[in-house]
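K.L.:
Return atomic coordinates for the entry below.
(one chain, ligands or ions: 1)
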Amino acid sequence: MNNKNVSTILNQSTFSKEDIVFLLDLSSDNDIDLLFKKAYEVKLQHLSNEAYFRGLIEFSNYCIKDCLYCGIRKSSEVKRFLMSIDDISKMSTWAFNNNYGSVTLQSGERTDKDFIEFSNQAIKEIKKVSNDALGITLCLGEQSYDVYQKWFDLKAHRYLLRIETTNEQLYKSIHPNDSLHSLNNRIDCLKSLKKIGYQVGTGVMIGLPNQTTDMLADDILFFKKMDIDMIGMGPFILSKDTPLYDKAISLGLDSTEAKKYRTLLSLKMIAICRIVLKDVNIAATTALQALDPLGREKGLKAGANILMPIITLPKFRKDYQLYDDKPCLDDTADHCKVCLSSRVHSVGDVIGFNKWGDSPHFKKRNLL
Ligand code: 5AD
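P.N.:
Now for the predicted structure:
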């Protein structure tokens, strides 16, 4: 048991695992409010009230992985697509013309030559249409060191690879038990990305079946130990026709109450990461909004500073559903821009247009 009170813990400069579990387990509205207020204060102190857009391009849903929670896993019967370089060109030109500082390239995982070559071309195209102005975050899964190096040489400078959970047993319970789905390999990938010089982001799913706040505290300590620059995380959401769906239903994770709990826990994770890690970039993810219409605004209020408006061409959106009830499926990039801008302003933040909005943590660790 932790016999300290919330205010004492929030004003510490270092945090034990016990402190983090205590904060994750806060239950009174008043205490939770104190947590979020402190996180927003730390955001203003170490960053600013500027939020940055990363236009999200989901360019393909082909995937060699079979993660038990994901709607585009290899075994799922969705219609598969791969955009053309011309599509990539259109979306990145739109992002550039609309003063977005960066884009994020995301897709299902593949490691074959054609995929690597397509990704090379996509990176080059984004740089070409923007005269090098658009920053690029990649979210293309586990790759070899040489591939990561190649993409970095082509000037992609941030990489997001969620660890999903750092608990070995939980990891095994949400992935097939084979060498393609290895927690250790994922950790090695994060190390390679750092060595190459990327700004490195990771994150977890929150509220997975059988996940405890003790495990989530270990996840935050892992982010700290790995000296991570960026965090992208969000609630676990049920995805029909996946193996984890039935298990989640049997545990009651589809009830309104359970969804509320996962949203709140995700916001607490954002706030605690802000307070413990201080100067990293943290995204308020689309998944937050899937469970709560005001999820992304609440994320900014809890200390997040990055938003990833979907700029995927509308005709592909319905085939890129990692989970059910994904918002923005019928929207266009123009809708998403207007909608997110008003969300940002509603919490008193502003948008850093035309800026990369790199992680201050990355800059500092490179000065050392
Ligand atoms: N619920 C929430 N997040 C999910 N992801 C995949 N499937 C789900 C789901 N059912 C997340 C994973 C992955 C990211 C691209 O999407 O964390 O890393």
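K.L.:
I'd like to know which residues of the chain are adjacent to the ligand.
P.N.:
By C-beta under 6 Å from any ligand atom, the residues of the chain that approach the ligand are Tyr69, Cys70, Arg162, Glu164, Met205, Gly234, Phe236, Ile237, Ser239, Ala287, Leu322, Tyr323. The way it works is simple: take the backbone N, C-alpha and C, and place the C-beta from them, glycine included.
K.L.:
which of the residues you listed tops the neighbour count?
P.N.:
Gly234 (29 neighbours; other C-beta atoms under 10 Å).
K.L.:
Double-check that that residue belongs to a strand.
P.N.:
Yes. According to DSSP: H, G, I helix; E, B strand; the rest coil, the state of Gly234 is that of a strand.
K.L.:
which residues does the spatially closest residue to it that is not a sequence neighbour contact?
P.N.:
Nearest non-adjacent residue to Gly234, counting by C-beta to C-beta, 6 or more residues apart in numbering: Ala287, 3.3 Å away. Residues counted as contacts of Ala287 (C-beta atoms under 8 Å, 6 or more residues apart in numbering) are Gly234, Pro235, Ile237, Ser266, Gly295, Tyr323.
K.L.:
Those into CSV, with extra columns for distance to Thr312 and pLDDT?
P.N.:
Shown next, in CSV, are these (distance: C-beta to C-beta, whole Å; pLDDT from 0 to 100):
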residue, distance to Thr312, pLDDT
Gly234, 18, 97
Pro235, 21, 98
Ile237, 18, 97
Ser266, 23, 98
Gly295, 19, 93
Tyr323, 15, 92
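K.L.:
In helices only, show me the residues of the chain next to the ligand.
P.N.:
Ala287 (DSSP state H).
K.L.:
Can you pick out the most distant pair from the residues of the chain next to the ligand?
P.N.:
For those, the farthest-apart pair by C-beta to C-beta is Arg162 and Ser239; their separation is 15.6 Å.
K.L.:
what ranges do the strands span in the stretch 201-350 of the chain?
P.N.:
Ranges of strands in the stretch 201-350 of the chain, per DSSP state E, counting those that start in this stretch, are 205-206, 230-235, 281-284, 306-307, 350-351.
K.L.:
What residues does Leu277 make contact with?
P.N.:
So Leu277 contacts Ile220, Phe223, Lys224, Ile228, Ile231, His361 (C-beta under 8 Å, 6+ apart).
K.L.:
which one among these gets closest to the ligand?
P.N.:
Closest approach between the contacts of Leu277 and the ligand, by C-beta to the nearest ligand atom: Ile231, at 12.0 Å.
K.L.:
Count the residues that sit near that closest one.
P.N.:
28.
K.L.:
and if you look at Ala133?
P.N.:
Counted with other C-beta under 10 Å, Ala133 comes out at 16.
K.L.:
Does it belong to a helix, a strand or coil?
P.N.:
Ala133 - assigned by three-state DSSP - is coil.
K.L.:
Please tell me how far the closest residue to it other than its chain neighbours sits from Phe316.
P.N.:
Of all residues beyond its chain neighbours, the one nearest Ala133 is Phe96 (6.5 Å), with distances taken as C-beta to C-beta, 6+ apart. Noted for Phe96: a distance of 20 Å to Phe316, by C-beta to C-beta, to the nearest Å.
K.L.:
now swap in Ser28 and tell me
P.N.:
Counting by C-beta to C-beta - Ser28 and Phe316 are separated by 44 Å.
K.L.:
Give me the more crowded residue out of the two.
P.N.:
For the pair Ser28 and Phe316, the greater number of neighbours falls to Phe316 (18 against 9), based on other C-beta under 10 Å.
K.L.:
Assign a three-state SS to the residue nearest to Ala133, would you?
P.N.:
helix.
K.L.:
what residues are up against it?
P.N.:
Val129, Ser130, Ala133, Leu134.
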